[in-house]
Structures are given as C-alpha cells and as structure tokens.
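Engineer: Turn this into a model:
(one chain, ligands or ions: 2)
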Amino acid sequence: MNSNPTIALVGNPNVGKSTIFNALTGARQHVGNWPGKTVEKKAGTLKLGTQTVTVVDLPGTYSLSAYSLEEQITRDFIVQERPALVVHVVDATNLERNLYLTAQLLDTGTPLLIVLNMLDMAHERQFTIDAIQLSQALDGVPVVEMTASKGKGFDALKRALAGVLLQLRETQQPMELSA
Ligand SMILES: Nc1nc2c(ncn2[C@@H]2O[C@H](COP(=O)(O)OP(=O)(O)OP(=O)(O)O)[C@@H](O)[C@H]2O)c(=O)[nH]1
Ligand SMILES: [Mg+2]
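Structural biologist: Ligands and ions are numbered 1, 2, ... in the order given. Have a look, this model is predicted:
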C-alpha cells in the first residue's frame, strides 16, 4: 500500500499538466496504462522537505461529465481514489473556458489548488489576471502563478503544496484520533 499523500494534476488538454508533472517528478516516474484502457497513466514522486508525495498526471479533460474516456478516468480517480489534493492547471489565456471544469471540481468537494499557467502568453496578449481576486472568488482556493515551460513558479508551487498538505493533515488529525 502506498501511504504517501497523492496529488493529481487535472485540467483541460494542452494547459501544461505534463510539463509540470515532468518538472516536479524528474526521473522518478512510472508510466503504465489505466486498467483495461490505452490512455497512459503516469505517476511519480516528489520530495517536499522530508515528505514524499505521489504525483499523478491525469488525461486532459474539459469536464467531469464522464462522456469520454478522459472524463471518466479523471472523474473516477477523483471520486474513488480521493487524492489528498487536486492541482487544477488552468490556461491563463483561456480562463473562462477553463473555469467550467473548476466549477465541477469544486462540486466534488475535493481539496483544490489552482495553477494559473501560460502567464507568458497571457501577458503577451496584455491580459491581466488578479490571482488574489480569483482566489477570493473561488472561496479561498489557493492560486499559484506559473509559466511552466520556462521553469517559472515551481518554487512557489512547491511551497503552496507543502503548506496545503500540512494544513490538510492538521485538519484531518482530530477525525483520525476519534475514529
Ligand atoms: N507558452 C507557454 N507554453 C507552455 C507553458 N506550459 C506548457 N507549455 C507548452 O504547452 C504545450 C502543452 O504542454 P503539456 O504539458 O503537454 O500539456 P498537457 O496539459 O499535459 O496536455 P494534454 O496531456 O494533451 O492534456 C507544450 O508545448 C508545452 O511546452 C507555459 O507556461 N507557457
Ligand atoms: Mg499531458
């Protein structure tokens, strides 16, 4: 049994999930297939201080409606495997379309952290996105700003992941003790 906390990378196709996954897990990754399915299943490990975390790169999906294989895999993973945290990677140049999935993820009740990626392209197009305001509008879900393909934002992401996982551990402690 793997007792490391799991974080799952979720988002629309082509938003930078695998770029982030590869940078976080380096060579420590395992590639297989979802059982009975040909969609690639990638898992790796990340060290956050003394803690080892399992990172899973889920297939790109626009919704959790379970109409397509990708949607079904992503939905099943969140609902059945219950990762400690879903990292929702969002394309900052396409915020509105991406927020459709954000709303569905919030509905599942999973702990969520948003990566606002592709900020280089958003800035090129003169978009300004207020990450703090976005976080406030989403009930305080943490928002981390990144340009993953240029290696920008990874320190902030790791700090945020460590902080959120610590917070989740602390809030879960009393439940575990009383069980
Ligand atoms: N300009 C820019 N390009 C990026 C950024 N992050 C990733 N990319 C590029 O976007 C493309 C898609 O990145 P992937 O990491 O494969 O995206 P993905 O979300 O895993 O895509 P799927 O697995 O198909 O859903 C690649 O060419 C990346 O190099 C970024 O912050 N800025
Ligand atoms: Mg990918």
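
Engineer: all contacts plus neighbour counts: C-alpha atoms, from now on.
Structural biologist: OK.

Engineer: does any part of the longest strand along the chain sit near ligand 1?
Structural biologist: With residue count as the measure and DSSP state E as the assignment, the chain has strand 40-48 as its longest strand. No - in this structure, strand 40-48 remains apart from ligand 1 according to CA under 6 Å from any ligand atom; the gap is never smaller than 9.5 Å.

Engineer: Partner strands of that strand, with direction?
Structural biologist: Partners of strand 40-48 in the sheet, by DSSP bridges, are strand 29-33 (antiparallel), strand 51-57 (antiparallel).

Engineer: So which of the ones you listed is nearest ligand 1?
Structural biologist: With respect to ligand 1, and counting by CA to the nearest ligand atom, the nearest of the strands paired with strand 40-48 is strand 51-57 at 7.7 Å.

Engineer: For that closest one, buried residues please.
Structural biologist: Of the residues in strand 51-57, those buried under the neighbour-count criterion (16 or more other CA atoms under 10 Å) are 53-57.

Engineer: contact partners of it?
Structural biologist: Surrounding strand 51-57, the residues in contact under the criterion CA atoms under 8 Å, 6 or more residues apart in numbering are 4-10, 17-18, 21, 25, 41-47.

Engineer: And those residues, which of them are buried?
Structural biologist: 5-10, 17-18, 21, 25, 41-46.

Engineer: From these, which one has the minimum pLDDT?
Structural biologist: Lowest model confidence among those falls on K41, which carries 84.

Engineer: and that one, what is it in contact with?
Structural biologist: Counted by CA under 8 Å, 6+ apart, K41 has contacts 31-34, 56-58.

Engineer: buried sites along stretch 105-121?
Structural biologist: Residues 105, 111-120 are the ones in stretch 105-121 that count as buried (16+ other CA under 10 Å).

Engineer: Sitting in helices, which of the residues you listed do you find?
Structural biologist: Using DSSP state H, the subset of those located in helices is 105, 119-120.

Engineer: Check the residues you listed against V141 and report the nearest one.
Structural biologist: Proximity of these to V141 (CA to CA) peaks at L105, which lies at 11.4 Å.
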